[in-house]
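Trainee: pasting the sequence and the predicted coordinates here, then a few questions.
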Amino acid sequence: MIVVDKLCYRSGLRYVNAAEKFIFSIITLLFCVVSRSLVIAGIAFAINGWLTMKKGRIPGALYAKLLAVPFSFLILSTLAVIVNVSKVPLDAYAIPVGSFFITGSFQSMMFGVQLIGTAMASVSCLYFLSLNTTMTDFLGVLAKLHCPEILMELMLLIYRFIFVLMETASAIMVSQKSRLGNKDFRTSVDSFGKMGAGLLIRAFKRSNALYDAMESRCYDGKIRVLEENHSAKRKEIAAIAVFELVLLGITVWRKMI
């Protein structure tokens, strides 16, 4: 998560209007989910990848590693759809195991491919938004959409405390390794339990310290964050509109045939 936060601050698309990126990501995501089309998924995945790596200057190898995480979960979950154990062999494949068959149908295979394609295209939409938009810009977009203030404050505080806990956990792990706290399985389990207990105690201490710091700075129940104003460009708006219209046209055409 720290890597994602660093990348969004270094992105070549960081200073593009956040509302444009939000609208592009969400509408494209909706088209991917509603259409369930491999064509739409392929186009969305390719465009998001190109924008993220080419325009956002995110390293391709790192982007591939980020995509590998949800892809591995998708493969494991899709196996439950395309693999069946039955006494009757199905039309796609059948591997005999005693009196049973490990088998699957063409319909389930196509559904699995469609599921993976749609999910990966949707993930690429969210990666485009998260890798090119800072948290403050994202909260600014939510504020313009009249999102409840309490929800945005919780998002900001949780986001901040994730990094605080990760930093603390990293320091504890370095300390444990320097004292051979992971020399065997039993010691590793004991060290992990102690780290969890230590994190809980330190989380309470850091939260109290943070609240005291906010109170000393006249905290009145609202967290006010300065955001940079990046005006929307007509060329970018036109490009987004054309792209979404193309996706709409493909979706309507595939529903009609």
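Mentor: Cool, got the structure.
Trainee: what's the domain layout of this protein?
Mentor: Domains of the chain are assigned by automatic domain parsing as 2-133+231-256, 146-216.
Trainee: quick check: end-to-end length of the last one?
Mentor: One end of domain 146-216 sits 28 Å from the other (Cα to Cα, to the nearest Å).
Trainee: on that earlier part again, which one, of the domains of the chain, ends up nearest to Gly140?
Mentor: domain 2-133+231-256 (6.2 Å; Cβ to Cβ). In short, each C-beta sits where N, CA and C put it, glycine included.
Trainee: mind checking which of the domains of the chain is nearest Arg224?
Mentor: Comparing these by Cβ to Cβ, domain 146-216 comes nearest, at 10.3 Å.
Trainee: just to revisit the earlier point, ranking the domains of the chain by burial, who's on top?
Mentor: Of all the domains of the chain, domain 2-133+231-256 has the most neighbours on average by mean count of other Cβ atoms under 10 Å, namely a mean of 16.
Trainee: now do the end-to-end distance for that domain.
Mentor: Using Cα to Cα, one end of domain 2-133+231-256 lies 45 Å from the other.
Trainee: for the helix or strand harbouring Asp137, what is the distance to the chain centroid?
Mentor: Assigned by DSSP states H and E, Asp137 belongs to helix 135-144. Mean C-alpha position of helix 135-144 versus that of the full chain (Cα atoms, centre = their mean, to the nearest Å) differs by 17 Å.
Trainee: residues in contact with it?
Mentor: 5, 18-19, 22, 129, 149, 152, 155-156, 159, 225-228 (Cβ atoms under 8 Å, 6 or more residues apart in numbering).
Trainee: model confidence score at the spatially closest residue to Phe24 that is not a sequence neighbour, please.
Mentor: Distances taken as Cβ to Cβ, 6 or more residues apart in numbering put Ile240 closest to Phe24, at 5.0 Å, once the chain neighbours are dropped. Looking at Ile240, its pLDDT reads 93.
Trainee: who are the packing partners of the helix or strand hosting Ile240?
Mentor: Secondary-structure assignment from DSSP H and E places Ile240 in helix 234-256. For helix 234-256, the elements it packs on are helix 18-35, helix 38-50, judged by 3 or more Cβ pairs under 8 Å, 6 or more residues apart in numbering; DSSP states H and E.
Trainee: and it, how far out from the chain middle?
Mentor: 24 Å.
Trainee: could you do stretch 149-156 as well?
Mentor: So, by Cα atoms, centre = their mean, the centroid of stretch 149-156 is 19 Å from its chain's centroid.
Trainee: coming back round to it: a markdown table for the helices and strands packed on helix 234-256, including mean pLDDT and distance to Gly196?
Mentor: Compiled in a markdown table, those are given as follows (pLDDT from 0 to 100; distance: least, Cβ to Cβ, whole Å):
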| stretch | mean pLDDT | distance to Gly196 |
| --- | --- | --- |
| helix 18-35 | 93 | 35 |
| helix 38-50 | 94 | 37 |
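Trainee: those into a markdown table, with extra columns for distance to Val85?
Mentor: Listed next are the helices and strands packed on helix 234-256 as a markdown table, based on distance: least, Cβ to Cβ, whole Å:
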| stretch | distance to Val85 |
| --- | --- |
| helix 18-35 | 30 |
| helix 38-50 | 28 |
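Trainee: right, and these - which one's nearest Leu210?
Mentor: Across the helices and strands packed on helix 234-256, the minimum distance to Leu210, taken as Cβ to Cβ, is reached by helix 18-35, at 25.9 Å.
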